[in-house]
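Peer 1: Prediction below, plus the sequence it came from.
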Amino acid sequence: MEPTLNQSRGQRRSVYIAYTGGTIGMRPGSRGYRPEPGFLADQMSRLPVFADARMPSYTVHEYAPLLDSSNMTPEDWVKIGEDIYDHYDRYDGFIVLHGTDTMAFSASALSFMLQRLGKPVIFTGSQIPFMELRTDARENLVTSLLLASQHPLPEVSLFVGSRLLRANRSTKVSANRFLAFDSPNYPPLGRAGVDLEIYHGRARSRPQGDIAFRPVRDARVADLRLFPGITVDILHRILDSPLQGLVLHTYGSGNAPDDPAFLDTLREACDRGMVIVNCTQCLEGSVDMWGYATGRALLDAGVVSGFDMTPEAALTKLYWLLSLDHPVEEVRRLMQESLRGELTRPQA
Ligand code: ASP
């Protein structure tokens with residue numbers, strides 16, 4: 001058997017587990033599954049695999065309250081980021097146990113807030129609780145512990161099912177399959193089959209300098225999906241509010257109705273300083289605002305391209321950039337740059 005990094009270095013590597021909630025540690029109650037304090041750590045301590053010498057040593061920090069991730073807010077992203085930052089020097093890697101429903105948002109937010117990250121931060125969870133007979137929880141957690149300790153990629157990633165994905169490229173695509181996430185515009189960073197395959201060339205390179213934590217604050221951001229029949233009045237009501245940023249989910253390669261009144265409403269909001277980002281409703285592919293007249297009209301109104309960002313990456317990036325007190329033009333520019341590998345710009 002191959003020696004693990006633990007053994008070859010003669011000391012066990014250590015992993016910090018931030019347990020925020022989610023199905024993974026839930027147990028059935030009268031009103032359905034709910035998280036229960038102490039339950040997951042107790043279940044883990046009963047399984048010999050977690051004490052195996054080839055596994056890293058680990059510390060579980062259970063949050064109070066444990067949350068179903070549908071209840072997560074940007075304040076929770078900050079809490080998780082602060083927790084990792086505070087323990088950064090003492091551990092080799094980090095796992096965030098999190099509900100899968102909003103995992104892609106939290107994981108994307110962390111990728112922006114933790115600057116110059118040099119250690120792995122892996123989000124994982126499960127579709128079936130750890131205590132059930134048939135479950136994806138044990139596999140996801142064991143593999144994440146091995147990945148965080150033996151194959152440390154210096155970025156925020158997500159492991160659910162059998163693939164290690166860049167966090168800010170991933171999105172939840174299934175409510176019931178074990179392979180619940182996909183990363184349609186960036187290939188996986190690793191795969192767990194018979195062997196753990198890690199594709200180092202796809203990962204971020206190790207940063208120069210020390211880690212820094214720059215949290216999101218209370219930016220006013222929203223998300224709007226266009227639909228056939230959306231009226232200027234609806235758009236006006238949404239934009240005529242004290243919003244600073246909006247992710248606009250457009251059709252295809254970044255198209256929206258080119259009704260002049262619709263475009264004027266967008267232009268007025270941009271002129272007032274709102275940052276409106278054009279993201280496609282399609283799961284795969286990129287916005288190209290130069291391709292069609294309907295896309296070009298958005299550009300002329302002041303909307304910026306989100307290229308191939310996931311809606312989760314676009315929203316959390318907007319939150320984060322608007323928290324940093326940059327001038328609006330700088331936020332618009334940075335939304336179109338890759339800061340953590342979250343987007344690919346087409347070659348000029
Ligand atoms: N509702 C759960 C959550 O997101 C679902 C899950 O963990 O998979 O917390």
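Peer 2: In hand now; what should we look at? Note that the coordinates shown come from a computational prediction; the quantities given were computed from them, not determined experimentally.
Peer 1: State the pLDDT value of Arg9.
Peer 2: Looking at Arg9, its pLDDT is 48.
Peer 1: Ala256: neighbouring residues, count only.
Peer 2: Using other Cβ atoms under 10 Å, Ala256 has 22 other residues around it. The C-beta positions use only the backbone N, C-alpha and C, and glycine is treated the same way.
Peer 1: near the ligand, which residues of this structure show up?
Peer 2: Residues of the chain found near the ligand (Cβ under 6 Å from any ligand atom) are Gly21, Gly22, Thr23, Asp68, Ser69, Ser70, Gly99, Thr100, Asp101, Gly125, Gln127.
Peer 1: out of these, which are inside strands?
Peer 2: Gly21 (DSSP state E).
Peer 1: just for the stretch 1-150 of the chain, where's the confidence low?
Peer 2: Applying pLDDT under 70 to the stretch 1-150 of the chain flags the ranges 1-10.
Peer 1: That one: helices as residue ranges?
Peer 2: 5-8, 39-45, 74-87, 103-113, 137-150 (DSSP state H, counting those that start in this stretch).
Peer 1: Please identify which residue in the stretch 151-300 of the chain comes closest to the ligand.
Peer 2: Ala180 (7.4 Å; Cβ to the nearest ligand atom).
Peer 1: out of the helices of the stretch 1-150 of the chain, deepest packed?
Peer 2: Ranked by average neighbour count under the criterion mean count of other Cβ atoms under 10 Å, those are headed by helix 103-113 at a mean of 28.
Peer 1: Who are the contact partners of the residue of the stretch 151-300 of the chain closest to the ligand?
Peer 2: Thr100, Gln127, Val160, Gly161, Lys172, Val173, Ser174 (Cβ atoms under 8 Å, 6 or more residues apart in numbering).
Peer 1: Can you tell me what sits against stretch 323-334?
Peer 2: With Cβ under 8 Å, 6+ apart, stretch 323-334 has contacts from 214-219, 245, 273, 275, 304, 318, 321-322.
Peer 1: Between all of the residues you listed, which two are separated the most?
Peer 2: Pro215 and Val304 (23.7 Å; Cβ to Cβ).
Peer 1: related to what we said a few turns ago, out of the residues of the chain next to the ligand, the closest to the ligand would be?
Peer 2: Closest to the ligand, out of all of these and judged by Cβ to the nearest ligand atom, is Gly99, at 1.9 Å.
Peer 1: Just give me the neighbour total for that closest one.
Peer 2: 24.
Peer 1: now it: how far from Tyr251?
Peer 2: Using Cβ to Cβ, to the nearest Å, Gly99 is found at 30 Å from Tyr251.
Peer 1: show me what contacts the closest residue to Met103 other than its chain neighbours?
Peer 2: Using Cβ to Cβ, 6 or more residues apart in numbering and skipping the chain neighbours, the partner closest in space to Met103 is Phe123 (5.4 Å). Taking Cβ under 8 Å, 6+ apart as the criterion, Phe123 is in contact with Ile95, Val96, His98, Met103, Ser106, Ala107, Leu110, Val156, Ser157, Leu158, Phe159, Ala167.
Peer 1: now do Phe112
Peer 2: So Phe112 contacts Asn168, Arg214, Val216, Thr316, Lys317, Trp320, Leu339, Arg340 (Cβ under 8 Å, 6+ apart).
Peer 1: What ranges does the stretch 151-300 of the chain have for its helices?
Peer 2: Under DSSP H, counting those that start in this stretch, the stretch 151-300 of the chain gives helices at 232-239, 260-271, 293-301.
Peer 1: how about the CA coordinates for the second one, as CSV?
Peer 2: What that stands for is helix 260-271. Extracted as CSV, the C-alpha positions of helix 260-271 are listed here (Å, rounded to 0.1, in the frame of the first residue of the first chain):
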residue,chain,number,x,y,z
PRO,A,260,-36.3,51.1,-25.5
ALA,A,261,-38.2,51.6,-22.2
PHE,A,262,-36.7,48.5,-20.8
LEU,A,263,-33.2,49.6,-21.7
ASP,A,264,-33.8,53.1,-20.4
THR,A,265,-34.8,51.7,-17.0
LEU,A,266,-31.5,49.7,-16.9
ARG,A,267,-29.5,52.7,-18.1
GLU,A,268,-31.0,55.0,-15.4
ALA,A,269,-30.0,52.5,-12.7
CYS,A,270,-26.5,52.2,-14.1
ASP,A,271,-26.2,56.0,-14.3
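Peer 1: Going by neighbour count, which residues of it are buried?
Peer 2: Phe262, Leu263, Thr265, Leu266, Arg267, Ala269, Cys270 (16 or more other Cβ atoms under 10 Å).
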